[in-house]
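# Test case, fold it:
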Amino acid sequence: MKDIIVVTSGKGGVGKSTLSGLIGLYLSKNFKVLLIDADLGLTNLELIFNAIKSKFDISDVIKGRCELYQAINKIKTNLFLLNLCLSTEVNKYPEYLLESLIQEVKNDYDYVIVDSPAGIEQGFLNTLTIATKALIVLNNELTSFEDARKTLRVCKMHKINKIIFAMNKYNKKDTFKSEIYSNFNYYLSNQYLYLIKYCKGDIYKKQKILFQDKEFVKMIEKEIKINSLSIV
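Numbering: from 1, shown residues only. Model prediction:
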């Protein structure tokens, strides 16, 4: 397995799930990818992909109701999805769940993309136990910058030093870039930022646009270390 990338955000509604899906979709051109929807009780990646809803989640595997392969939903060639929990009853969940899951699938997939819950609650902290990289998604709002700063701090506390940022829903004129980077650097200490075009809704309607987005492609090539010739 090459990388386990946790996609997270300090606040909800910034496009985290959509970018998680797009990264998985892009990588699946040449690699086998497992998407994990870790937003317990609030899973929506199947909806974004317009995929058939899963009958099982990882809790069904733990309770012996199905095998792991039965809980993994094939989205398309080389792209698979696993929901951690479809139910809203998520109070009791094993702390070792994600570590055990990775041990089971590490030889089957090249990349694991984890769509983390927003915020810094326990669900997010659990995803950090397996991450090799973190992608923090934000919008051009001061509250989003501040929440991203706090999320960055927690990631570093968990020894995740490979951290990148993507500002989603960037559709302003180039003259606004200097102001955005100034605010970003003030809150986030000169970490590198990618500006991604407005990203919302059905992935299959938006992917052709975003695959031509130079900043999105650069983010994939630079941070996930993929040869651009092999994926274009």
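# Using PDB, list the CA coordinates for stretch 106-122.
This file holds the C-alpha atoms of stretch 106-122, laid out as PDB (Å, rounded to 0.1, in the frame of the first residue of the first chain):
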ATOM      1  CA  LYS A 106      -3.200  -3.600   3.000                       C
ATOM      2  CA  ASN A 107      -2.300  -6.100   0.300                       C
ATOM      3  CA  ASP A 108      -5.400  -5.600  -1.800                       C
ATOM      4  CA  TYR A 109      -5.300  -1.800  -2.500                       C
ATOM      5  CA  ASP A 110      -2.700   0.700  -3.600                       C
ATOM      6  CA  TYR A 111      -4.400   3.700  -1.900                       C
ATOM      7  CA  VAL A 112      -6.900   4.200   0.900                       C
ATOM      8  CA  ILE A 113      -8.800   7.500   0.900                       C
ATOM      9  CA  VAL A 114     -10.600   8.200   4.200                       C
ATOM     10  CA  ASP A 115     -13.500  10.700   4.100                       C
ATOM     11  CA  SER A 116     -13.300  11.900   7.700                       C
ATOM     12  CA  PRO A 117     -16.000  13.500   9.800                       C
ATOM     13  CA  ALA A 118     -15.700  17.300  10.000                       C
ATOM     14  CA  GLY A 119     -14.400  18.800  13.200                       C
ATOM     15  CA  ILE A 120     -12.000  17.200  15.800                       C
ATOM     16  CA  GLU A 121     -14.400  14.800  17.500                       C
ATOM     17  CA  GLN A 122     -13.500  11.100  18.300                       C
END
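# State the mean pLDDT of that stretch.
Throughout stretch 106-122, pLDDT has a mean value of 84.
# List the buried residues for it?
Burial within stretch 106-122, assessed by neighbour count using 16 or more other CB atoms under 10 Å, is assigned to 109, 111-120. Where C-beta positions appear, they are placed from N, C-alpha and C, glycine not excepted.
# Same question for stretch 164-171.
In stretch 164-171, counting by 16+ other CB under 10 Å, buried: 164-170.
# What of stretch 194-201?
Across stretch 194-201, burial judged by 16+ other CB under 10 Å covers 194-197, 199.
# where do the strands sit along the chain?
3-8, 33-37, 72-76, 79-83, 111-115, 133-138, 163-167, 193-195 (DSSP state E).
# Need those strands in CSV (columns: distance to Val154).
Converted to CSV, the strands of the chain look like this (distance: least, CB to CB, whole Å):
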stretch, distance to Val154
strand 3-8, 9
strand 33-37, 19
strand 72-76, 29
strand 79-83, 24
strand 111-115, 15
strand 133-138, 10
strand 163-167, 11
strand 193-195, 19
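# need the contact list for Ala148.
Residues in contact with Ala148 (CB atoms under 8 Å, 6 or more residues apart in numbering) are 9-10, 136, 138, 165, 187-188.
# which one of the buried residues of stretch 164-171 is nearest Met1?
The nearest member of those to Met1, counting by CB to CB, is Ile164 at 19.1 Å.
# which residues does that closest one bridge with?
Ile164 has these beta-bridge partners by DSSP bridges: Leu135.
# Count the residues that sit near Ile52.
Number of residues near Ile52 (other CB atoms under 10 Å) recorded here: 10.
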